[in-house]
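K.L.:
below are the sequence and a predicted model; questions follow.
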Amino acid sequence: MAVVLNAAPPCLCPRVASDSGADDIVAPHGIPTDLLDRVTIIRTLPYTVDEMATIISIRAKTEGLTTADGTVALLAQIADQTSLRYKTRPSKGTQERAGAHLMPIPLTAPPPRARARYAVQLLTPASILAKSRGKDAIEPEDVEQSRTLFFDAKTSAKILVQNATKYIS
C-alpha cells in the first residue's frame, strides 16, 4: 500500500523565497534567520538593588552561611557599583563592537539596576575570613577584606591597563 504525502505548506518548508527578488534563502524551520533571531530572543532586565539583596540572602541561606546586620545591604551595594551590564552609548564616530546592537544600551545614565555575580562570589571568601577570625556570621568587615583580595572584572581590567608597561607584551 502506497502512502501519498501532501506537500508541506510554504511556511514549513526549509526554503523560503526572499522578498527582495533574490534567490531562495535556505533557513532552518523555513523562517528567515533574522526573523528567527528576533522571535526567539527574550529581553530580560537586570535586578534592582532590593532584588539583589533578596537573591544574596537566599544564596547565603542556601550555602548555610549566616550574615550580620548590614552585610547583605553592603553586598547589594557592591553589586550595584560593579554592574557591567549597562554601558553608555559610544560617541559618534566610534565603531561599536560586533553584536553590541543586541545589548540594551540606555541613552541616559544607567538605571538603578544591579547584577549579583561578583557580590555572590564574595560570600565564600568572606565566610572563610569570618571563620578564621572565630566568627559564625559574615560581617561587613569580612566582605570589605575579601573585596580587597578579589577584584571584580572592571577593577581588574583597570589595573591591567594602568600597569600595562610592567607586563610582557
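P.N.:
Cool, got the structure.
K.L.:
I'd assumed residue 168 was in a helix, is it?
P.N.:
No - applying DSSP: H, G, I helix; E, B strand; the rest coil, one finds residue 168 to be coil, outside a helix.
K.L.:
if I look at it, how far off is residue 38?
P.N.:
Between residue 168 and residue 38 the computed distance is 45 Å (CB to CB, to the nearest Å). C-beta here means a position set from N, CA and C on the backbone, and glycine is covered the same way.
K.L.:
more crowded one of these two?
P.N.:
residue 38 (9 against 3; other CB atoms under 10 Å).
K.L.:
can you tell me the helix or strand for that one?
P.N.:
Counting by DSSP states H and E, the element that carries residue 38 is helix 33-40.
K.L.:
next secondary structure after that helix?
P.N.:
For helix 33-40, the following helix or strand on the C-terminal side (DSSP H and E) is strand 47-48.
K.L.:
against which helices or strands is that following strand packed?
P.N.:
Helices and strands touching strand 47-48, as assessed by 3 or more CB pairs under 8 Å, 6 or more residues apart in numbering; DSSP states H and E, comprise strand 113-114.
K.L.:
give me the mean pLDDT for the strand it packs on.
P.N.:
Throughout strand 113-114, pLDDT has a mean value of 48.
K.L.:
residue boundaries of the strands in the chain?
P.N.:
Along the chain, counting by DSSP state E, strands occupy 15-16, 25-26, 47-48, 66-67, 113-114, 137-138.
K.L.:
compare the ones you listed and say which comes out lowest on pLDDT.
P.N.:
Minimum mean pLDDT among the strands of the chain: strand 15-16, a mean of 44.
K.L.:
send me the helix holding residue 38 as PDB with only the CA atoms.
P.N.:
This file holds the C-alpha atoms of helix 33-40, laid out as PDB (Å, rounded to 0.1, in the frame of the first residue of the first chain):
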ATOM      1  CA  THR A  33      17.300  33.700  10.200                       C
ATOM      2  CA  ASP A  34      16.800  37.400  11.100                       C
ATOM      3  CA  LEU A  35      13.200  36.800  11.900                       C
ATOM      4  CA  LEU A  36      14.100  33.600  13.900                       C
ATOM      5  CA  ASP A  37      16.500  35.700  15.900                       C
ATOM      6  CA  ARG A  38      14.000  38.400  16.600                       C
ATOM      7  CA  VAL A  39      11.300  36.000  17.600                       C
ATOM      8  CA  THR A  40      13.500  33.800  19.900                       C
END
